[in-house]
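*Asks:* Show me the folded form of this:
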Amino acid sequence: MTGFWKEVRIIPGVAWFIAVVAYAGLTCLLLTVAIPHDPKLEHWPVAGQVLFGAGIPLILLVHILLVGYVNADARRRGMRYVLWTFLAALLSNAIGIILYFVLRDPIPVPCPQCGTLAGKNFAFCPKCGAEVSPACPSCKHTIERGWSNCPYCGARIGGGARSA
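*Replies:* Got it, this is the predicted structure:
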């Protein structure tokens, strides 16, 4: 399974239900009320009317599913999910959704010793003190595996301080 489908699976069932009901309702409304009573659209070919009536509600469907994704993803990341859900749903032109994707926190990682979720940039578990990510021996900033020098203090990772 690809990463995209793993992310789609976190959308809550309630969001899927609301999106499908809203899509079906708006499609029926467009095809039975709006299109037949519009002087310009009623002269379109039937295929064009059906594509228009079924295509426009897709925007609403995608928006509702994205709001559901924001809710579930913010919960998963330990963020203020109610605030982000309201912003994603209420800010026009999907600005709330865009802001969420720009400002979201990294996914917490479980502590290898006690399982407590710790921030991605935590070097040590806040509960048991075990090492979650490698840290510089000199300044204790989080570093990535494979680095030979600390980007914060310049110390050698494998041994003592770097000589000038």
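
*Asks:* any idea which helix or strand comes after the helix or strand where Ile59 lies?
*Replies:* Assigned by DSSP states H and E, Ile59 falls within helix 57-76. Following helix 57-76 in sequence order, the next helix or strand is helix 81-90 (DSSP H and E).

*Asks:* hmm, who's touching the following helix or strand past that following helix?
*Replies:* The C-terminal neighbour of helix 81-90 among helices and strands, as given by DSSP H and E, is helix 95-103. Contacting residues not belonging to helix 95-103 are listed as 63, 66-67, 70, 73-74, 84, 86-91 [C-beta atoms under 8 Å, 6 or more residues apart in numbering]. Just so you know, the C-beta spots here come from the backbone N, C-alpha and C atoms, and that holds for glycine as well.

*Asks:* if we go to 7 Å?
*Replies:* Helix 95-103 has contacts (C-beta atoms under 7 Å, 6 or more residues apart in numbering) with Leu66, Val70, Trp84, Leu87, Ala88, Ala89, Leu90.

*Asks:* what does stretch 126-139 give?
*Replies:* Here stretch 126-139 has contacts from 109, 111-114, 116, 118, 122-125, 141-143, 145, 150, 152-153, 155, 157, 161, using C-beta under 7 Å, 6+ apart.

*Asks:* switch to 8 Å and redo it
*Replies:* If you take C-beta under 8 Å, 6+ apart as the criterion, stretch 126-139 is touched by 109, 111-114, 116, 118, 120-125, 141-145, 150, 152-153, 155, 157, 161.
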